[in-house]
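Engineer: Here you go, sequence then predicted model.
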Amino acid sequence: MKVLIVDDQEINRILPRTHLERLGMQVVEADDGPSALARLSAEPFDVVLLDISMPGLSGIDVCQQVRADPSLRGLKLIAYTAHAFQQTTDEIMAAGFDDLLVKPIRRDTLLRALGLSTPD
């Protein structure tokens, strides 16, 4: 599985990258929305782990652009954010995300969002 992690804060990319690489997944990182869109147009990914609160082009903006692009149909988009209020999570999911994780990301919730079961 090839995963793109998008977050403007490098420290917030470390934990999911570590979990995913330990599972043998190929991980690519982007530090903002425009970089993420450029990567998505240049190479195929199975999943995008997308921070919501980024300066300029937010995660919701990126999600909406991805969902409007027929060439990216079927791409799994997982939002991740520190904002866990119900109204906020409802707005995020309404934007077109497939799932939502709350920071700090836990291994078990990441695996569930990816559609993988936790190994014994």
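Structural biologist: Great, that's in hand.
Engineer: what's the nearest residue to residue 33 if we skip its chain neighbours?
Structural biologist: residue 57 (2.8 Å; CB to CB, 6 or more residues apart in numbering). Bear in mind the C-beta positions are built from the backbone N, C-alpha and C, glycine included.
Engineer: which residues touch the one you found?
Structural biologist: Going by CB atoms under 8 Å, 6 or more residues apart in numbering, residue 57 touches 32-34, 37.
Engineer: name the element the nearest residue to residue 17 once chain neighbours are set aside belongs to?
Structural biologist: Nearest residue to residue 17 in three dimensions, chain neighbours excluded: residue 27, at 5.0 Å (CB to CB, 6+ apart). Taking DSSP states H and E as the definition, residue 27 sits inside strand 26-30.
Engineer: by contact count, what packs against that strand?
Structural biologist: Judged by 3 or more CB pairs under 8 Å, 6 or more residues apart in numbering; DSSP states H and E, the packing partners of strand 26-30 are strand 2-6, helix 10-22, helix 33-42.
Engineer: Run through who's touching the last one.
Structural biologist: Residues outside helix 33-42 that contact it (CB under 8 Å, 6+ apart) are 4, 6, 28, 30, 45, 48, 50, 54, 56-59, 61-62, 65-66, 71-72, 75.
Engineer: Could you write me a ChimeraX select line covering just the buried ones among these?
Structural biologist: Selecting only the buried entries of those in ChimeraX, with 16 or more other CB atoms under 10 Å as the criterion:
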select :4,6,30,45,48,50,54,57,58,59,61,62,66,72,75
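Engineer: picking up where we left off before, and the residue nearest to residue 17, how close does it get to residue 96?
Structural biologist: 23 Å (CB to CB, to the nearest Å).
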